[in-house]
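Trainee: The following block contains a protein sequence and its predicted model.
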Amino acid sequence: MKVHFIAIGGSAMHNLAIALFKKGIEVKGSDDEIVEPSKSRLLKYGLLPAKEGWDETKITADLDAVILGMHARIDNPELIKAQSLGLKIFSYPEYLYEQSKDKIRIVIGGSHGKTTITSMIIHIFNVLGIDCDYMVGAQLQGFDVMVKLTEEAKYMVIEGDEYLTSPIDRRPKFHLYKPDIALISGIAWDHINVFPTFENYIAQFNIFANQISKNGKLIYCEQDKEVEKVAKLSRKDIEKIPYNIPEHSINNGKTNLIFNNIEIPINIFGNHNLLNLNGARLVCNQIGISDNDFYKAISSFNGASKRLEIVKSTNEFAFYKDFAHSPSKLKATTTAVKSQYADRNLIACMELHTFSSLTHEFLLQYEGCMNDADIAIVYFNPHTIEHKKLIPITENDVKLAFKRKDLLVFTDSKLLTNYLLSINWENRNLLMMSSGNFDGIDFNELGNLITL
């Protein structure tokens with residue numbers, strides 16, 4: 001087979017390209033910009049385009065499939081050429097379904113936690129020697145790529161993103177996977193540029209739940225009332241299995257699960273991660289994995305990349321980075337770090353970086369979400385707002401939205417760095433949260449300077 005990727009440099013797209021290459025498929029692609037880590041990974045497998053840019057001559061009649069990335073525009077010359085030739089054009093999720101339609105599909109959906117839950121399940125399968133294909137949205141320790149596709153695996157574990165599929169298919173990605181086993185971790189309004197109302201956003205999860213296969217299973221977080229409503233409204237032939245926070249203890253900054261009156265130490269913490277863990281356990285139960293085997297395997301799970309990932313720690317200080325950016329994620333992550341180290345002050349810093357977070361209407365959703373931090377800091381770059389062609393926001397807009405009088409707001413990353421370096425970090429923790437990078441702040445360097 002011969003497959004061409006339009007926008008091969010995307011985070012998900014380049015991983016799929018590598019997965020197909022490993023499967024023995026001839027893979028080529030194009031993109032107008034390819035950055036790290038995609039660039040190095042594509043180069044490693046001989047898949048990096050010779051030059052950046054679009055080239056319709058690469059689209060030939062002998063291609064078996066063209067895979068279209070969300071980054072490409074509807075007027076992309078390669079897309080237009082593929083359409084004119086009548087080639088099979090797949091979106092990323094369409095092709096994943098095509099590769100897994102004869103497997104048992106496990107799809108993890110939700111506004112938060114889906115990357116971690118998917119990662120947990122893949123980790124359990126790997127430890128227990130259960131072969132599975134997968135797609136996950138973060139790099140996992142011990143795994144080369146974020147997508148694996150084989151002929152042999154019985155299961156396919158998929159992180160079900162609710163964002164749009166492609167420039168020519170405006171359905172949410174998770175509507176295309178048709179799960180046999182599905183999980184919904186939580187619903188908190190996100191992607192305001194695509195789903196203009198909360199009701200419209202919730203409707204996408206109702207559609208997802210009702211696409212579960214006949215007599216399939218829906219595992220859902222009963223703590224989330226919106227998720228509970230979705231579960232109750234789903235088809236009657238679907239088995240609904242709720243989950244909540246498992247029994248646990250926290251001793252000296254370490255979380256332990258309690259199972260059969262035995263404490264099992266784990267490497268993750270926070271109520272949101274304990275919920276994620278219990279959801280993953282119930283998914284594993286559905287394919288015959290016992291609680292005993294699950295708890296033995298989960299004790300070695302270190303978390304997904306950028307999800308409460310430790311940057312630097314000493315006996316008196318810990319520095320965590322996290323992908324959190326939406327209000328619900330921000331609150332859960334801040335609360336988790338404060339609860340884990342109740343005797344330390346917490347300095348929590350988040351970056352307004354996504355389209356939604358920089359929108360006046362959505363900004364109001366952040367009220368109270370950093371109240372557990374002893375010092376709360378918000379960073380945003382006015383140039384990012386200008387680049388996204390949004391109405392400018394001010395430092396005062398941010399303070400009013402977060403409803404915290406002592407909130408510190410920075411718009412210059414150098415000034416933010418200088419402020420952090422001026423703090424006495426004895427018996428304090430630092431939490432940096434963003435889907436971006438605070439305009440180039442090197443977390444490792446910052447951690448080293450703090451602990452000098």
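Mentor: Looks like it arrived, so ask away.
Trainee: any idea which helix or strand comes after the host helix or strand of Leu96?
Mentor: Taking DSSP states H and E as the definition, Leu96 sits inside helix 92-100. Using DSSP H and E, the helix or strand that directly follows helix 92-100 along the chain is strand 104-109.
Trainee: Partner strands of that next one, with direction?
Mentor: strand 155-159 (parallel), strand 181-184 (parallel) (DSSP bridges).
Trainee: The closest residue to Met13 other than its chain neighbours: how many residues sit nearby?
Mentor: Computed as Cβ to Cβ, 6 or more residues apart in numbering, the closest residue to Met13 that is not its neighbour in sequence is Gly69, at 4.5 Å. C-beta: built from backbone N, CA, C; applies to glycine. For Gly69, the number of neighbouring residues by other Cβ atoms under 10 Å comes to 24.
Trainee: need the contact list for Gly69.
Mentor: Applying Cβ atoms under 8 Å, 6 or more residues apart in numbering, one finds that Gly69 lies in contact with 5-8, 10, 12-13, 92, 166.
Trainee: Quick check: which ranges of the stretch 301-450 of the chain have low pLDDT?
Mentor: Low-confidence segments of the stretch 301-450 of the chain, defined by pLDDT under 70, are absent.
Trainee: ranges for the helices of it?
Mentor: According to DSSP state H, counting those that start in this stretch, the stretch 301-450 of the chain carries its helices in the segments 327-340, 360-363, 382-387, 395-402, 413-421, 443-450.
Trainee: Does Phe301 touch Ile122 like I think?
Mentor: No - with the criterion set as Cβ atoms under 8 Å, Phe301 and Ile122 do not qualify as a contacting pair; they are 9.8 Å apart.
Trainee: which SS class is Gly29?
Mentor: Under the three-state scheme (DSSP: H, G, I helix; E, B strand; the rest coil), Gly29 adopts strand.
Trainee: in the sheet, who's paired with it?
Mentor: Phe5.
Trainee: give me the number of residues near it?
Mentor: In terms of burial, Gly29 registers 25 neighbours under the definition other Cβ under 10 Å.
Trainee: Helix or strand: which one has the residue nearest to the spatial centre of the chain?
Mentor: Nearest to the geometric centre of the chain sits Thr115, at 4.4 Å (Cα atoms, centre = their mean). In the assignment (DSSP H and E), Thr115 maps to helix 114-128.
Trainee: how many degrees apart are that helix and strand 155-159 in direction?
Mentor: Here helix 114-128 runs at 150 degrees with respect to strand 155-159, directions being taken by axes from the mean of the first three to the mean of the last three Cα atoms, to 10 degrees.
Trainee: buried stuff in helix 114-128?
Mentor: Using 16 or more other Cβ atoms under 10 Å as the test for burial, helix 114-128 gives 114-127.
Trainee: before we move on, what about stretch 88-104?
Mentor: Residues of stretch 88-104 classed as buried by neighbour count (16+ other Cβ under 10 Å): 89-97, 99-100, 103-104.
Trainee: Run the chain-centre distance for that stretch.
Mentor: Using Cα atoms, centre = their mean, to the nearest Å, the distance from the centre of stretch 88-104 to the centre of the chain it belongs to is 20 Å.
Trainee: How far does it stretch from one end to the other?
Mentor: Distances were taken as Cα to Cα, to the nearest Å; on that basis the terminal residues of stretch 88-104 are 25 Å apart.
Trainee: Touching it from outside, list them.
Mentor: If you take Cβ under 8 Å, 6+ apart as the criterion, stretch 88-104 is touched by 12-13, 16, 64-70, 79, 82-83, 105, 133, 135, 147, 149, 153-156, 158, 165-166, 168-169, 173-174, 176-178, 180-181, 287.
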